[in-house]
Structure formats: structure tokens, C-alpha cells
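Undergrad: I would like to see how this sequence folds:
(chains A and B)
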2 protein chains.
Amino acid sequence: MEGLVISEDENHATDMALATDFYELTMAAAYYYSNNYRDRDFASKKIAIFELFVRKLPDNRAYIVTAGLEQALYFLANLKFNQKHIAYLKSLDVFKHVGEDFFEYMTRFRFTGTVWAVPEGTILFPNEPIMRVEAPIIEAQIVETVLLSTINFQSLIATKASRIVSSAMGKDVVEFGSRRAHGIQAGLLAARAAYIGGCVGTSNSLAGYKLGIPVFGTMAHSYIMSFEKEEEAFQQFSKVFPGSFLLVDTYDTIAAVKKMIRLGIKMKGIRLDSGDIYHLSVECRKLLDSAPRYSNTKIMVSGDLNEYLIRDLVRKGAPIDIFGVGTELSTSRDDPTMSGVYKLVAIRVRGSMKGIKNRIRRKLTHDTLLFKLKTSPGKKTCAGPKQIYRILENKKISRDCIMLEDEGQYPTDLAIPLLRKQFERGKLLCKLPLIAEIQSYHIRQLDLLPSQFRDLDFKPIEFPVFISEKLKGITMEFRPT
Amino acid sequence: MEGLVISEDENHATDMALATDFYELTMAAAYYYSNNYRDRDFASKKIAIFELFVRKLPDNRAYIVTAGLEQALYFLANLKFNQKHIAYLKSLDVFKHVGEDFFEYMTRFRFTGTVWAVPEGTILFPNEPIMRVEAPIIEAQIVETVLLSTINFQSLIATKASRIVSSAMGKDVVEFGSRRAHGIQAGLLAARAAYIGGCVGTSNSLAGYKLGIPVFGTMAHSYIMSFEKEEEAFQQFSKVFPGSFLLVDTYDTIAAVKKMIRLGIKMKGIRLDSGDIYHLSVECRKLLDSAPRYSNTKIMVSGDLNEYLIRDLVRKGAPIDIFGVGTELSTSRDDPTMSGVYKLVAIRVRGSMKGIKNRIRRKLTHDTLLFKLKTSPGKKTCAGPKQIYRILENKKISRDCIMLEDEGQYPTDLAIPLLRKQFERGKLLCKLPLIAEIQSYHIRQLDLLPSQFRDLDFKPIEFPVFISEKLKGITMEFRPT
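TA: Numbering: from 1, shown residues only, chains lettered A, B, ... in the order given. Next up, the predicted model:
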């Protein structure tokens, strides 16, 4: 019986290495046997530069909230293949003609590259690099699948959470979606990303245990139903947990709230999970306010909520204190994919190179940069390693300018470079922020966003993103050979 | 730095225990202190019965393919809380009034219940129980979140895969979506579920390593771009992997295929990933067929495919041999949630019980069964533990009949009971099937499905599911107290 939930393998941490598309591994062998890659000195002289970016936002989104960097860097720092992995590859027909020296290389394989990335919680627009990876080409290539799935998913959920939290206009939003998330790990990562996007907490206990995210919970209908009478269930629960939320809609919401008040049951709040939420919240508030001991009792609502339903409830003035959002948040139900891609933008050759004839290259002080771009229909890329400079005016984003990294600083001191070096020669450069710090940073980022981008219905025709003249020139000039 | 990818904790296997909604744990304490639950003998006499079922199918689906049972049973067999988990719970404000005896109980906690479930790969309709859990109420309740997320997600993907495979009318479909799946584990589980649903393999190497699913891969555009000339890339790859698929759309598809033929490059097939797939496949087929050595060369296509696009290509007679499907499959993009629920349907009391006054109960030989159902608007349940009998006519499903489990066998020998006892008193009862056996079983299940249900556009107004008179009677009779 195979667990899969969380690996039972002794070398469980390294099973991550195989969580990659098979073609990353066949390409590794093809690269290994090409162009003297086996000469380590040569390999480290020829550095591939990949950028991870999103070509097109999910439906109805006006910005991206980046997330998942911590898990991505954890992966890079711990990536290795063990003997069982190697034995598996050798057992495959595809690899039968591949020599032993490649498998020995794979045993020694580590990620030794350099990574630039925007901090988690940053607001970005399409085509802006979230991450840049510079490493010997086998290393830079092998990490593609995991970097994408990690950053795509958490950015997807953080972005959705940011919209939902905005729609609640200052009311609390709690993530409740583990049972509909795409497996146990997705539930945990969704809780993390939702917290980055501004949720006050989660129902996922593992996210509390592993990440220190505040955990919330009330009770299930089954708890109420397991008692002979609803009021016994309330009394029993509030005896054990005096300041808790009680679920009132198992049979008849209004009748349940009246019973609680009559019996003087201690509680922090009630939860509504079905029916006409607006009218029920108004009626319940009236009942609670008419009984002086209950005027501070809070109302939490849940049940297939999303940003539009929350906005409507808030606009109508529903007396709701906390929104619990599950499926729609943890699966980003209206569009469950952030289509980030990971593209080769250049190859950096240290020192002078013989035999390189590519027309598109730049002679740097010590390096030669070979620009790379793809010309498949609808999938064009912008060549060269880049930096994003963000220019603020009146404390709002005025524009982002994407420049080649070697163009030098943007010509104003006020421009903020967004990509930071996070990882160098295979080592993490600095302590990563705590999750609460990431959330605070995201909230400050939101303050910089021009207000129309926070409107749920805003469909930007163009984004405030400009490309430097040099970068445009490079891209125009390029012709495939 | 927190991994989350796959836990690094020494007791990593048990971290699953906390992958649960927090309310399962507060309810556990509330149950513990109620009705003499602390008397173990009493607790084991009062058994909660929960059923897991899907109220409503995802959009545009006419049936469910169940999947995830193996991982669900693995969880039940290995569930335990370690000292760190207990220390975490004790550290929370919510638990500050809860006594030490509860935490001692949690240390000893194991799942000791009995589980009935339909085999993985079974075709079901809405409201049919996928699983029934019978256990002391704390145990049956605590497992809710993980059972749901495990079975919901894999059933979602197996169902989507089954549709996509049907649309390909016998052509091969390979799952390619790890980079867009909801994290690393979701990628692995999606590969598993897609294989159950009929895919011939996956690009996910971990699914090959851990589950023995066939792995497929070609090469990325970056591989081609890393060479000076496209043809060098082809030559190098086919030198290392003589019988492989080569990606032809990096610059100009037709030009690339002509180059390959001119140079006599060895390959098993080509992959198209962009542009007008239909016309390109026709043109490429012509070119390949006009060069005798390439008449067996296969054409694989990929790039945002789904069941509708595949059906169109197949109907137009596109000469495509293999479809690679990514995002749309691994996220079930058109509707990324299977809204399975887990509901208390009865409490079974062993022997006679004093003080039970519920009107809805049945005296069995040795047990009293208290039926439970919820009456929240739109969320009604059917009371009582159930069995599904499937009646075939002319080798097709004629109808399913849902009966109370104690009504006895359906009155014809031809009726097949679908729920099987999988787990008893905390132990797995039998060897679970291999993944290839599950796939074969699903394919045989599909043969039983009336053909209109396999039509992508079929929207069933009603399903061939009937409820026994006794079950109807119980549900009608019930009134909440």
C-alpha cells in the first residue's frame, strides 16, 4: 500500500527530486553528452539563464500576488537524487543506452546556481519575471517543473485570497477549504498562500502546527446531530469551550438562536452555513442585540462564498463579522490555474568563447551573453536577463519598467528594483521572512496599487508595464537561425 | 525555512494526523467529555456511521469515477498524534480549559473502525455513497477532512481523465500537467488518478518511481534553444536517445520537419505544441509519409488541450497518435472541485440503551439504530447506512438501487452490491489492487455505462438511481427534535 500522502521513504526529503517532468531527466542526459558538458570547468563557464513569469492572468484578475518562494528555495537547497532514484531511471527502457558516467554525475548532482526573485507577497503584472535562475544548464533545466508547480499554485491562491479579502472591506476572512483542496499538501499550501493574501487564519490544523498560522474552527452539523436535542449539543460544547462559535443551521436557524438565548448559552459567536445568508444574518443580529448579554456575539458565515457574494453582502450592510471561504478560495474555482512559464532567455559564457557565431550576443566586460527567444505562434518570449524597476508617484505604482539587468540602475533614485538575489552558488543568502511579515508586506503592496486594480470588475486593457528601448531592440533584432 | 514539500519531521508519516480541519479536534474534546465517552466500553458501544457522497457533479459531467481509496485507507491505518502535535494543541488558547485526560486519550488515539467503500475506478452517480465509515464517534469525525480531500481530488481527476480519454476515441492520452497541478503532491496524485481514468501514462517521474505508471517525455523548447542551430539539438538528442520524440515547433514547424527528414534524424515521433494543430498535423504527416523511412513516425500534440478540442481534432480526422494533456486535466480546469461531503447518517447502539427517546430508530437483533439526517435548506441527507445494488441489462447499467444495508439482498441474483468491506477494526482486510488492475476495472466499468453517458454533451436530467421504499419511508418520517 502506497502512502503518497507524505512519503514514508527513509530518504523522503529527496523524493522531491523526482517530482519532475520526465523530459527534464532525458534532457539532462542529452545536455550531459553534448558540447563537452562533462568537462566540469566548461559546464560552469556556460550558464543558462531562465526566467519564470506569467504570460496571461487567470480570468478576472488584475494583478498577481507572488507566493511560494520559500518552498521553491527549500527545494533548490535540498535537491538530490539517491541510489533508489538512480536505480529506477536505469531500469527504464528509455535510458538503456545511456552510460554509467551520466548516472554517476546524477548521484553528485546538486543545484549550484544563483536565483533572483521578487519577495513573496509582491504585486506583479503579466510578463514581469517572478524569478530568474542562473545555473549550469542541466541544473537550471531540472528544477523547472517543481519551481513552476510551487510558485504557480501558491501565487494562484494568494491572488485569489487578495481579491476575496479586498471584497470583505475590512471584515475578517478565514480560509476553510482543506476538504476541497487538491490533496493534503495542497490544503496546507493553500492555507499558507491564503494567509499571505490577507486571510486572518485557516481551518487547517497542520498550517497552524507547521507555520504558526492562526487556526479557526467551530463544529460540524454531525456534532449537533449526534445529540438527541440540538440544545444539548450547544450546552455540551460551550461547557468544554466556553468562548466558541456555535453552528446554528442544522435544523432551523432562527429557532436555534432563540433556544441559545433562552438557555443563556455562553459563546463567542454563531455560524450560519446555509439558507438566505443576508436575511438570516439580519434576523440573528436582531435576536442577539435584543438580548443584552449577546450584543457582542459575532456572526460568522460560510457556504460556497466567493468575492462577488461577499461584496454583495457587504454592500447590503449584512451584519457579518467573519467570512469563512472554502472551495472557491482553496481551488481558485473560477480559474484554477496560474499559467506561469519558465523560459530560457540567455546563455552567459564566462570569458571569451571560440566557435560561437550567434549574431545576437553582447560583449560584456568579462562575459559573452547569447540572447535566446522562442518564436512559436502565441508563445514569444523577451530575450535576456531582466530587472523590474517600479516607479511610484503619490505613493501609488505609476509604472514598472523592465530593463536588461546590465543596463544599470533606472535613471531615477525613486525606482525600486523588485528582483533580489536570494540564493547564490547553491546557498540561501539571507533569512527568509516570517509568514506574518510576508502578509504585512503584501498589505503594504496593496496600498501601492492604483485603486481601480482592486475593483473586482476591472479588466485592464493594458498594464502599467514598460519595456526599455534596449530590451525592445534586442527582441526586434533577433531572428532564429 | 519550512519545507512543506514533503515533511522533514522524524515523525513525518504522522503529520497527516494534523492535516485536518481544526473543528474536528475541538469536536473530539467536546465528544470526549460528553455522555460518558471516557468510559471506553461505552464509547465502543455507540458507533457513528458516516457516509461520503457527492451531492452534485462538477459542471458537464454525467458520472463520477471514484479514486483515492488506497491513500484514504493508508491514512486510516497510520493515523496517530505524536507528542509534538499534542504540545501544539496544548499551546493554543482554545484548548486551555481542556483537561490532561483528553490529551492522554489523543496520544493513544488510533482509528479502530470499519470501512465500506466502492473499489477505485467504479462509476457512480450523485448521492450514491462512495464510502461508509463506522467507528466510535471521535474517530469517525476526526478522519473527515483527510478522507474528503483525498477522495474528492482523485475522483475529480479520474472523472476528468475518463472524459478526455473517451474523447480521443482510442488514441493515446498522456497526462502532462505537473507544472500546473496544485503543488508537488497534487501533481503526483493527479498522475495516479489520470492513469485510473484511462491515460496511458504521465510525464511525472515520481509517479513512475512510486507507482510504476509509465512515464513519457520529449524535450522542452529551451533544449532546442540552447543550441546554436535547431538541427544540432535534434542530432544531439537522437544520438543519446535514438527512439524518442522531438519537439518541432520552437521556430517553424514545417521547416523543422523538413530539416529532420533531410538529415535522416532517427526518431520515434514528433511533438507539436503550438499553432494550428489540425493543419500542422496534416502537413507533417504528408511530409513524413513522403519520406519512406518516416512513415511509422508518430505525431504527438500538446498545448492547452481538453476533451472538446480533442474531439474536434479526432472528428476532423487529424493524423494524431498521442495527445498530451496538461493543465486542463491536472486541475480539472472547467470545474476544479468534486464537492463530496461526509455526513452522519446513523448512530448504532450495541445492545439495549436506556434513556434513548429518539422516535426514529429500529430495533435490530442486537442493535438499536438511531437514524440521523440534516434539514438545512439545500443540504438534506438520506438517513441510515446504505448499500448500492447495481442491476445490469444487456451488459449495461439498467439501474442502481440504494437500500438500507439491513434490508437484505436486492431481490434478484443479478444485482451487484457495490460497497465492499475494506477495513475492519482498524485493519485492512485484503490486498489492494495494483494500479494497472484499477485501470482495467475502470475500462470494464465504462463498457457498462449506457452510451449516452459517454457523450461529452449529455446532461442527464435524472440518473438511473432509485431509492428503496424503506429508505424513502425513513427519510420522510424523520422530523428534527
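
Undergrad: hey, let's count contacts and neighbours off CA atoms from now on
TA: Noted.

Undergrad: which ones are touching the residue nearest the centre of chain A?
TA: When CA atoms, centre = their mean is applied to chain A, the residue found nearest the centroid is A:Gln154 (2.0 Å). By CA atoms under 8 Å, 6 or more residues apart in numbering or on different chains, the residues touching A:Gln154 are A:Thr66, A:Ala67, A:Gly68, A:Leu189, A:Ala190, A:Arg192, A:Ala193.

Undergrad: rerun at 7 Å
TA: Each residue near A:Gln154 by CA atoms under 7 Å, 6 or more residues apart in numbering or on different chains is listed here: A:Ala67, A:Gly68, A:Leu189, A:Ala190, A:Ala193.

Undergrad: And the residues you listed, which is closest to B:Met225?
TA: A:Gly68 (27.7 Å; CA to CA).

Undergrad: Would you confirm that the closest one contacts A:Ile151?
TA: Yes: if you go by CA atoms under 7 Å, A:Gly68 and A:Ile151 touch, sitting 4.7 Å apart.

Undergrad: Low-confidence stretches in chain A?
TA: Within chain A, the ranges that satisfy pLDDT under 70 run A:1-14, A:35-36, A:40-43, A:351-367, A:373-381, A:475-481.

Undergrad: Regarding it, what is its longest strand?
TA: Ordering each strand of chain A by length in residues (DSSP state E) puts strand A:340-350 first.

Undergrad: Sheet partners, orientation included, of it?
TA: According to DSSP bridges, strand A:340-350 forms sheet pairs with strand A:46-54 (antiparallel), strand A:367-371 (antiparallel).

Undergrad: ok, and for the following helix or strand past the shortest one, which residues are buried?
TA: Using DSSP states H and E, the helix or strand that follows strand A:367-371 towards the C-terminus is strand A:386-393. When neighbours are counted by 16 or more other CA atoms under 10 Å in any protein chain shown, the buried residues of strand A:386-393 are found to be A:Lys386, A:Gln387, A:Ile388, A:Tyr389, A:Arg390, A:Ile391, A:Leu392.

Undergrad: Now whatever residue of the stretch 201-350 of chain A ends up closest to chain B: which helix or strand?
TA: Of all residues in the stretch 201-350 of chain A, A:Gly217 sits closest to chain B, at 4.4 Å by CA to the nearest CA. Using DSSP H and E, A:Gly217 maps to neither a helix nor a strand.

Undergrad: Contacts only, for it.
TA: Going by CA under 7 Å, 6+ apart, A:Gly217 touches A:Ser203, B:Phe22, B:Tyr23.

Undergrad: again with A:Ala415
TA: By CA under 7 Å, 6+ apart, the contact list for A:Ala415 reads A:Tyr389, A:Arg390, A:Ile391.

Undergrad: would you list every one of the helices in the stretch 1-150 of chain A?
TA: In the stretch 1-150 of chain A, the segments counted as helices under DSSP state H, counting those that start in this stretch are A:22-32, A:40-45, A:69-78, A:83-91, A:100-108, A:137-142, A:144-167.

Undergrad: Now render the ones you listed as TSV, adding distance to A:Lys298.
TA: Compiled in TSV, the helices of the stretch 1-150 of chain A are given as follows (distance: least, CA to CA, whole Å):
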stretch	distance to A:Lys298
helix A:22-32	52
helix A:40-45	61
helix A:69-78	35
helix A:83-91	53
helix A:100-108	58
helix A:137-142	50
helix A:144-167	18
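
Undergrad: Out of those helices, which one sits most buried?
TA: Sort the helices of the stretch 1-150 of chain A by mean neighbour count, taking mean count of other CA atoms under 10 Å in any protein chain shown, and helix A:144-167 sits at the top with a mean of 28.

Undergrad: just the angle between that one and helix A:69-78, please?
TA: Interaxial angle of helix A:144-167 relative to helix A:69-78 (axes from the mean of the first three to the mean of the last three CA atoms, to 10 degrees): 160 degrees.

Undergrad: circling back: closest one of the contacts of A:Gln154 to B:Ile270?
TA: Closest to B:Ile270, out of all of the contacts of A:Gln154 and judged by CA to CA, is A:Gly68, at 34.3 Å.

Undergrad: ok, the closest one to B:Thr327 distance?
TA: Applying CA to CA, to the nearest Å, the value for A:Gly68 to B:Thr327 is 19 Å.

Undergrad: Mind checking which of these two has more residues around it?
TA: Between A:Gly68 and B:Thr327, counted using other CA atoms under 10 Å in any protein chain shown, A:Gly68 has the larger neighbour count: 26 against 23.

Undergrad: check contacts around the more buried one.
TA: Contact partners of A:Gly68, counting by CA under 7 Å, 6+ apart, are A:Glu120, A:Thr150, A:Ile151, A:Gln154, A:Ser155.

Undergrad: ok, now with 10 Å
TA: Going by CA atoms under 10 Å, 6 or more residues apart in numbering or on different chains, A:Gly68 touches A:119-121, A:147-156, A:158, A:189, A:192-193, A:196, B:183.

Undergrad: is it possible to export the contacts of A:Ala415 to CSV including distance to B:Asp321?
TA: Formatted as CSV, these follow (distance: CA to CA, whole Å):
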residue, distance to B:Asp321
A:Tyr389, 47
A:Arg390, 48
A:Ile391, 51
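
Undergrad: Out of those, which comes closest to chain B?
TA: Distance to chain B, by CA to the nearest CA, is smallest for A:Tyr389 among the contacts of A:Ala415, at 26.5 Å.

Undergrad: hey, what's that closest one bridged with?
TA: Under the criterion used (DSSP bridges), A:Tyr389 bridges to A:Cys401, A:Pro417.

Undergrad: so who does it touch?
TA: Applying CA under 10 Å, 6+ apart, we find A:Tyr389 in contact with A:399-403, A:409-412, A:414-419, A:465-466.

Undergrad: ok, of the residues you listed, which come out buried?
TA: Neighbour-count burial (16+ other CA under 10 Å) applied to these gives A:Arg399, A:Asp400, A:Cys401, A:Ile402, A:Met403, A:Tyr410, A:Ala415, A:Ile416, A:Pro417, A:Leu418, A:Leu419, A:Val465.
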